[in-house]
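K.L.:
I would like to see how this sequence folds:
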Amino acid sequence: MEGEKKINERINEMEEMIKRARKMEDLIDHQSLSLFLDVRLPPKFKMPTSDKFDRTGCPKSR
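P.N.:
The predicted structure is shown next:
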């Protein structure tokens, strides 16, 4: 019973934290964070693939 009460209190605290975080997120203007506001990618654009660095060799020489 005591453990269940602590768990419920912790869940309520976490829910309040999530609510506060969502309110903070609403205050941020994500558009203003972009360096290039009006840039749009072409419809068929695909990100180039690159090999993941495996920590062997010099990454600058690739």
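
K.L.:
CA only for contacts and neighbour counts going forward, please
P.N.:
Fine.

K.L.:
got any ranges where this protein has weak pLDDT?
P.N.:
The model of the chain has pLDDT under 70 over residues 30, 61-62.

K.L.:
Please, which helix or strand holds the residue positioned nearest the centre of it?
P.N.:
Centroid-nearest residue in the chain, with Cα atoms, centre = their mean: E25, separated by 11.7 Å. For E25, the host element (DSSP states H and E) is helix 2-27.

K.L.:
Same check on L35?
P.N.:
Using DSSP H and E, L35 falls outside every helix and strand.

K.L.:
what's the distance between R55 and T49?
P.N.:
Counting by Cα to Cα, to the nearest Å, the gap from R55 to T49 is 18 Å.

K.L.:
Same check on K5?
P.N.:
Separation of K5 from T49 (Cα to Cα): 51 Å.

K.L.:
Mind checking which of these two has more residues around it?
P.N.:
Taking neighbours as other Cα atoms under 10 Å, K5 and T49 compare with K5 leading, 10 against 6.

K.L.:
Could you measure from that one over to N12?
P.N.:
11 Å.

K.L.:
try M47
P.N.:
42 Å.

K.L.:
Kindly report the same for G57.
P.N.:
50 Å.

K.L.:
Between the two, tell me which one has more neighbours.
P.N.:
Shown here are G57 and N12; by other Cα under 10 Å, N12 has more neighbours (12 against 9).

K.L.:
distance of the more buried one from A21?
P.N.:
Applying Cα to Cα, the value for N12 to A21 is 14 Å.
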